[in-house]
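Undergrad: My questions concern the predicted model and sequence given below.
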Amino acid sequence: MEKKGQLYTHKLPSYSPDYNPIEKLWKNTKKDATHCKFFPTFEDLRKSVNNAFSKFKEDAKKVVCVMTKLRKNAGIA
């Protein structure tokens, strides 16, 4: 039984992308920047991924949306 004010750990599966917010952002990055696209050079691939990252920096709506969904699923929000 957990008591208020005490610290507890909960063992997660060794691979648990549903509990790791960065996995959701990587999924969005792949969808926006690389999915079903051909890149003649590695530099072209790098530019596409950097552009996706820049969009996250300029408009954090996707990041906030991912975090809100995760909090809701966890029963936090």
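TA: Received the coordinates, thanks.
Undergrad: Can I get the host helix or strand of Val63 in PDB? Just the C-alpha atoms.
TA: Element membership of Val63 [criterion: DSSP states H and E] is helix 61-73. Provided in PDB are the C-alpha atoms of helix 61-73 (Å, rounded to 0.1, in the frame of the first residue of the first chain):
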ATOM      1  CA  LYS A  61       1.400  22.800 -31.100                       C
ATOM      2  CA  LYS A  62       2.300  19.300 -32.000                       C
ATOM      3  CA  VAL A  63       4.600  18.900 -29.000                       C
ATOM      4  CA  VAL A  64       1.900  20.200 -26.700                       C
ATOM      5  CA  CYS A  65      -0.700  17.900 -28.300                       C
ATOM      6  CA  VAL A  66       1.500  14.900 -27.800                       C
ATOM      7  CA  MET A  67       2.200  15.800 -24.200                       C
ATOM      8  CA  THR A  68      -1.500  16.500 -23.500                       C
ATOM      9  CA  LYS A  69      -2.600  13.100 -24.900                       C
ATOM     10  CA  LEU A  70       0.000  11.300 -22.800                       C
ATOM     11  CA  ARG A  71      -1.000  13.100 -19.700                       C
ATOM     12  CA  LYS A  72      -4.700  12.300 -20.400                       C
ATOM     13  CA  ASN A  73      -3.900   8.700 -21.000                       C
END
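Undergrad: Which positions in it come out as buried?
TA: Lys62, Val66, Met67, Leu70 (16 or more other C-beta atoms under 10 Å). Bear in mind the C-beta positions are built from the backbone N, C-alpha and C, glycine included.
Undergrad: what does stretch 11-29 give?
TA: By neighbour count on 16+ other C-beta under 10 Å, the buried set for stretch 11-29 is Lys24, Leu25, Asn28, Thr29.
Undergrad: what about it, start to end distance?
TA: Start and end residues of stretch 11-29 are separated by 28 Å (C-alpha to C-alpha, to the nearest Å).
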